[in-house]
Structure formats: C-alpha cells, structure tokens
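[1] pasted the sequence and its predicted model underneath.
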Amino acid sequence: VEISVVTSLADGSASLRLQVAIEAPQHSGLDGVLDYAAERRLAPGTLVRVPLGRRQVCGIVWAAGQAAPTEVALKPISHALTALPPLSPAWCALVEFCARYYQRSIGEVALAVLPPELRTLDEASLARRLKRLAAPASPGAADRGDATLPPLTHEQQSALDALATCAGDAGVALLHGVTGSGKTEVYLRAAASALDRGRQVLVLVPEINLTPQLEARFAERFSDRRIVALHSGLTPAQRLRHWLRAHLGQADLVLGTRMAVFASVPRLGLIVVDEEHDPSYKQQEGARYSARDLAVYRGHLERVQVLLGSATPSLETWQRAAQGRYRRLTMPTRVGGGAMPAVRIVDMNTLPRRKGVTTALSPPLLDALQQRIEREEQSLVFLNRRGYAPVLHCADCGWKSGCPHCSAWRVFHKLDRTLRCHHCGLTERVPRGCPDCGNLDIAPIGRGTERLEEQLTELLRGRDGGRPRIARIDADSTRTKGSLQASLEAVHAGEVDVLVGTQMVAKGHDFRHITLVAAVNPDAALFSSDFRAPERLFALLMQAAGRAGRDAARAAASEMWVQTWHPQHALYAALRRHDYEAFAKSQLDERASAGLPPFSHLALLRADARTADVARAFLQQAALQAAQLPDAQEAVVYPPVPMSVARIADVERVQMLVEADSRAALQRLLATWLPLLHALRRQHRGLLRWAVDVDPLAI
Ligand code: ADP
Ligand code: ZN
Ligand code: ZN
C-alpha cells in the first residue's frame, strides 16, 4: 500500500496522511484507527508513537488515508520505530478479521495482542534490544541424527503421507488420534518438513502447564533450531524477546498458548493446534476470540497448512471434517499396540448407604486403589472441585457459607481454615461457630480435592503399612512458583502412590506408571443447562483415561473408573467403548434437532449492572432495536436471562442469546446492531458494561 496523499499542515511543511491503529476501547465508539500526519512514507505495519489527548501512545500504521480535508490540521506522529521491520500485511489482515468477527475495534485488538513491553519502547531502547538479539541466529546447525528417530507407526506414516501430498498448500487437517497414538510425533515430523523448506512453525497448546513439556520434546528433536515460547507465564522482558525473535525470523518454532496465534511469524509454514477442542483456546475477555478458529483463518490467509489434533475433536471441527471441509487423518490405536484402559462404571445407587453419610469413595474403588499401591503402580483420582468442601452448613438454623457479594457459596479450605469465594476472592477465617445462631457444630457438605486427599489418606495404606503417599495438584497446591513442577516430578519419580487433582492433572501429562484413573463425581455435567457440558465432560474423561496405561507394558492392566448415579447414561456407555464417534454422532443428532451449534450460530450479549433490572432493561431495549433492523428476520433474539452465577462482586450479570442459521447472517446483524448500543448505553444509567461474545463456549 502506497502512502500517496499529501496535505499541507498549518506550519506549511509537506506531510503525508496516515491511518494509525491505536488502542481505543470498544465503548469509545471509535474503531481505533485515527488519522495522523507524517513527514515521510511509512509502510503499513510500522510501529509509531502518536499523541492522543495529552498522552503519547503506541500505534501501528494501518493504511494510507484518503485525501485529507485540507482544513483539518492533523497531529503529526511523534516518531516511528523504523528499526523494527513492519508487521506483515497478513498479520494486519488477521487482526482486522478478528476485530470484525468478534466485534471489537481494530486498534484494541492490534495493540492488545502485542507484547505489552513493546508498546512502551522508544527508538533507543528498541535499538538496544535489537542489538542484543543480533547474536548468532541459530544455535549452530548441528547435524540432526535422523537415525535416532523411532520408526513411525503405520498410522503415523499414513497421516504424514496424507499431509505431504498437500504440503506447502493451504488446508486444514484434523488429526483424530486416541491418546497415546503418537500425535506429537506427527507434529514433530510435519514441523521438520516445514523447517526443511525454510519456513517457521507455530504450535499452539491449550495450557500453560503443558508448554514446558511440549517445548522439551520439540527442543530435544530440534536441537539445531531456535524455539521460543509465548504465554502469560513469561516475564514482560522474556515475552518481548521471544516475540521479537519470532518477528525477526530468528526463531524457527514458536510454541505457545492462545495468544501465540497472533505471533508475528514472517515465514510461516505450518500451524499446529494441539488438543484443538480445549475450551482454553477461547479468550474470555476483551476480544473473545477462539485461537483455534483464528488459526484456521490464518492458515487460509497465509496459505499454510493447519493441523488440528485431538482424541476428542470439538463437534464443530468434527462436523467440518465430516463435510469434507477438513481432511480427516485417523490414528485409532496406541503406539506399541497398548490397549485403552478398561472402563468400569460404578453404580453408586447399589452401594450400601450408611445413615446420613453418602460414601464418596466406593469400596470397590478403594480396593482397586489399594491393589495398585501393593503392586507399586500409581493411580490418579480426579475431582473437578478444589478446596475441602464447597459449602459449610449449620444443621441447627440452616445457615450456609454464602458469599455476601456473589450468588455462590464460599468454599471451605481446611488447610488454612478459610472460607473463600472462588468468584470474587473474598477470603475470611472460618468462624468458630455458626454466625447466625452460634452453634459450634458447623459441618462441611460435599467434597473437594482437599477432602478427597484427606479421605484417601485415612482409607488407604502405604506399601510399608504406613501412610500412603498422596499428592494433590490443583490451583491451590500449585500457587507458588515451581510447586507444580515439583509435584509432577515426584509423580514421575514414583514417589507418589495416588495423585489427586482437578482437571489440571487430566490433561496432557505423560505419566508412565499410572494404571488407574478414577473420576469420583463427574455427574453434574450430565444435567447442566449448558448444552456443551456433555461434550466437555466426555473429552475430559477420555483425556483422563488417556493418562492410564501410557506405558504399553502396563496398558493391559490399566483401568478407568467412573463413579456415577446414572450408570445407564449414553455418555458413559460411549466412554466404556472409547467410542468418540458414537458419542459425537448422538450429540450432533441432538444438536441438529435442537438447532444448536454447529447447526446454528450464536452470540451472547451480556450486560452488567448493580441491579438485574438495569441490566435486563438495557438488553430488552437492545432487542427492540434489533427487531427494527433490516436483517432482523434472519436471527432470533431470546429474552434476557441471568447468567449461571448471576451476581459476582455485587455486580448482576444478565445475558441474551442471539441465534442465526448462518454465520454470515449473524455477522450482518451484529455489524449493524452493536454500533447502536453505544448510544443506547447512555440512556441506561447504572449500566456498568455490556459485551458481546461471538461463538460463546459456555452458555
Ligand atoms: P498422543 O499425543 O497421541 O497422546 P504421544 O505423542 O504422547 O501420543 O505418544 C505416546 C507415546 O508414544 C510417547 O511416549 C511417544 O514418545 C511414543 N511414540 C510416539 N510415536 C512413536 C513411535 N513411532 N515409535 C515408538 N514410540 C512412539
Ligand atoms: Zn446456625
Ligand atoms: Zn464472592
């Protein structure tokens, strides 16, 4: 794009008019691209600093403007960071797409996805950093000993052959491989072939906890290449350095969480999205983008292959593969021929009930765990709820440990004797007695991982007859830096008999000695109002099952236990057979008849206010406005309803679902409708904020 328009500034110096993307919050109503004057041509994608009000802000040259009205004196840009190569047109196009699709301003998205430290640099500090990076670009091209690579399995080979036939071409492939089928090896080989073509590779992983593991595997394989990570666990300086290495083309592999989809990668040759179904690919604030979906778009934009891997693909992806829009590569067996763990469904209804106590851990499960300990094998017990108990209760007066600021219970944490709200963070010491009636006997109801750990310690014996060695991994136990790593290492070193944890432990980890995985209370998701809850549960259980028997020698004896009050449920029947396809089919049938995604397209409009009435009134007015629009017939706007946790930190949250048959129709409606809401907002005093979530994951 050429900067071609010359205007005359007040001081008479010839000047060019530039459009500059700056960070303008959505509610400002600006699209975040403002006009400035410059004395020389600047390529789009160049970083600049510009005055905004009384501040100096970072901006990105977006495009040449049209002829400037001569009567307007444009403010000049302050300076341009020309030492940095401009962001590519493809990068700018990705940002524009993201802004348009998720209904945010271009400037907001463009600047939010840059490393924060980059936005503060002046020329001098940028020059210093670039100089430091100028060190050898690659850690010495050592020869890669192909001889040491494991021979590929037949399935891996056919997947790679299929990829190779369209290498260098755009296109999306779904690698549907059971856990332990060796998907990572396929990523590694596909990456190697892109690297051999002189290209860079972008690898996305769902969890920051999993980046070190995958990074280690890539680092081991590509010792002659430079790999950088991009995720929120880096220091600002690290993040900037890694980003710059990618941007300058020095890093061959960029590995990161969802934010990495926006990495500036000039020689992009392949995008891998591991565990493509994982909910953490969806950003939950600001521009609520799906990194998986943006990766697909980016592949299309830059004409590179996108490889989506999963044992339990999202139904959206599965559907597209079924329609032939994605190429499907299947790896149905584990490397080394190991069997999938046998699934045992424990019918909790048939257990003898002791008076007043529901047994959380069934005797057969306890026996199985004990046997594992005797055999020096490890078990993983999985419960998706942290803390000791979700609520404290006074049997005399009925008091419960509610949060005064949220519509939620405060969770009892026994280790530090606190009551904590997991929504607003309110933390208080546990009262000695009931705050309402003074009764000293307030009791926990239900259980979280802390209590599970305590119960297992009581109910199991170690091999030496003493206490069993139990480790717990959840957001509480891993708060301090390095503690997660330490716990994982203890598990790998065989120093743990039973690992207790939330979904943090169910994903990704390559545990070699675990032969039993148990889900002790997974039923809640079966009856959730969120239509995606069963899909998420199934994926999680399949993934958890995949932690067992990863060592082929032990696979035959490995088991997945599920305690349930609903043993006949179709989800568990499919799980028992490890039958993702049957599960996907039944879910898709249900979705089709209910008109839910992927058979329709959704957006959620959300309003927050001190009172639910204010939030609801805003949404109702918004719905009336939508009804007036030319595209109104193409979408259904449902009545506003409270969110599942209606109040958080004294803010009432109400949401309204918008549904359309086609993506395009939904986009047309949102594009004309949402701009009106900026004005509507002003008529609703007390409204704190509103936001839209396109393709929401949680309903
Ligand atoms: P997935 O990601 O599909 O769950 P992984 O890629 O973690 O599976 O592979 C499972 C295990 O099998 C890993 O320990 C890996 O090193 C090993 N593996 C993968 N491919 C091969 C192969 N071709 N030959 C031998 N071992 C392999
Ligand atoms: Zn009481
Ligand atoms: Zn709270």
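    Done, it's in. Ligands and ions are numbered 1, 2, ... in the order given.
[2] contacting residues for residue 349?
    Residues near residue 349 by CB atoms under 8 Å, 6 or more residues apart in numbering: 565, 567. Yep, even glycine has a C-beta here, placed from its N, CA and C like the rest.
[3] give me the three-state assignment for it.
    helix (DSSP: H, G, I helix; E, B strand; the rest coil).
[4] against residue 567, how distant is it?
    Separation of residue 349 from residue 567 (CB to CB, to the nearest Å) stands at 8 Å.
[5] ditto for residue 618
    According to CB to CB, residue 618 stands 45 Å off from residue 567.
[6] with residue 291 instead?
    From residue 291 over to residue 567 the distance is 37 Å, taken as CB to CB.
[7] those two: who's more crowded?
    The neighbour count for residue 291 versus residue 567, taken as other CB atoms under 10 Å, is higher for residue 291 (25 against 16).
[8] how about the more buried one: what's its closest non-neighbour residue?
    residue 258 (3.4 Å; CB to CB, 6 or more residues apart in numbering).
[9] shaky segments in this structure?
    Where the chain drops to pLDDT under 70, the residues are 1-14, 25-30, 64-71, 135-147, 167-169, 354-359, 552.
[10] which residues sit in contact with the residue most central in space within it?
    Nearest to the mean C-alpha position of the chain, counting by CA atoms, centre = their mean, stands residue 280 at 1.5 Å. By CB under 8 Å, 6+ apart, the contact list for residue 280 reads 206-207, 257-258.
[11] then residue 263?
    202, 230, 243, 246-247, 254, 256.
[12] output the biggest helix by length in the chain as PDB, nothing but the C-alphas.
    The residue-count maximum for a helix in the chain (DSSP state H) belongs to helix 663-682. Written as PDB, here are the backbone C-alpha positions of helix 663-682 (Å, rounded to 0.1, in the frame of the first residue of the first chain):
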ATOM      1  CA  ARG A 663     -22.600 -17.200  10.300                       C
ATOM      2  CA  ALA A 664     -23.000 -14.500   7.700                       C
ATOM      3  CA  ALA A 665     -26.500 -13.600   8.800                       C
ATOM      4  CA  LEU A 666     -25.300 -13.400  12.400                       C
ATOM      5  CA  GLN A 667     -22.400 -11.200  11.400                       C
ATOM      6  CA  ARG A 668     -24.600  -8.900   9.300                       C
ATOM      7  CA  LEU A 669     -27.000  -8.400  12.200                       C
ATOM      8  CA  LEU A 670     -24.200  -7.800  14.800                       C
ATOM      9  CA  ALA A 671     -22.400  -5.300  12.500                       C
ATOM     10  CA  THR A 672     -25.400  -3.000  12.200                       C
ATOM     11  CA  TRP A 673     -26.800  -3.600  15.600                       C
ATOM     12  CA  LEU A 674     -23.900  -3.300  18.000                       C
ATOM     13  CA  PRO A 675     -22.900   0.200  17.000                       C
ATOM     14  CA  LEU A 676     -26.300   1.400  18.100                       C
ATOM     15  CA  LEU A 677     -25.700   0.000  21.500                       C
ATOM     16  CA  HIS A 678     -23.000   2.600  22.300                       C
ATOM     17  CA  ALA A 679     -25.700   5.300  22.100                       C
ATOM     18  CA  LEU A 680     -28.300   3.100  23.900                       C
ATOM     19  CA  ARG A 681     -26.000   2.600  26.700                       C
ATOM     20  CA  ARG A 682     -26.000   6.300  27.600                       C
END
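[13] what helices or strands is it leaning on?
    helix 89-101, strand 601-609, helix 612-628, strand 635-637, strand 651-660, strand 687-694 (3 or more CB pairs under 8 Å, 6 or more residues apart in numbering; DSSP states H and E).
[14] ligand 2 contacts on the chain?
    Within the chain, the positions near ligand 2 by CB under 5 Å from the ion are 394, 396-397, 399, 434, 436-437, 439.
[15] 8 Å - rerun?
    394-399, 433-439, 442 (CB under 8 Å from the ion).
[16] okay, these in JSON lines with neighbour count and secondary structure next?
    Supplementary listing: these in JSON lines, determined by neighbours: other CB atoms under 10 Å; DSSP: H, G, I helix; E, B strand; the rest coil:
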{"residue": "394", "neighbour count": "21", "secondary structure": "strand"}
{"residue": "395", "neighbour count": "12", "secondary structure": "coil"}
{"residue": "396", "neighbour count": "15", "secondary structure": "coil"}
{"residue": "397", "neighbour count": "13", "secondary structure": "coil"}
{"residue": "398", "neighbour count": "10", "secondary structure": "coil"}
{"residue": "399", "neighbour count": "18", "secondary structure": "coil"}
{"residue": "433", "neighbour count": "14", "secondary structure": "coil"}
{"residue": "434", "neighbour count": "21", "secondary structure": "coil"}
{"residue": "435", "neighbour count": "13", "secondary structure": "coil"}
{"residue": "436", "neighbour count": "13", "secondary structure": "coil"}
{"residue": "437", "neighbour count": "12", "secondary structure": "coil"}
{"residue": "438", "neighbour count": "12", "secondary structure": "coil"}
{"residue": "439", "neighbour count": "15", "secondary structure": "coil"}
{"residue": "442", "neighbour count": "22", "secondary structure": "strand"}
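[17] format those as JSON lines; extra columns: distance to residue 511.
    Shown next, in JSON lines, are the residues of the chain next to ligand 2 (distance: CB to CB, whole Å):
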{"residue": "394", "distance to residue 511": "41"}
{"residue": "395", "distance to residue 511": "41"}
{"residue": "396", "distance to residue 511": "46"}
{"residue": "397", "distance to residue 511": "46"}
{"residue": "398", "distance to residue 511": "44"}
{"residue": "399", "distance to residue 511": "42"}
{"residue": "433", "distance to residue 511": "43"}
{"residue": "434", "distance to residue 511": "43"}
{"residue": "435", "distance to residue 511": "43"}
{"residue": "436", "distance to residue 511": "46"}
{"residue": "437", "distance to residue 511": "47"}
{"residue": "438", "distance to residue 511": "48"}
{"residue": "439", "distance to residue 511": "44"}
{"residue": "442", "distance to residue 511": "38"}
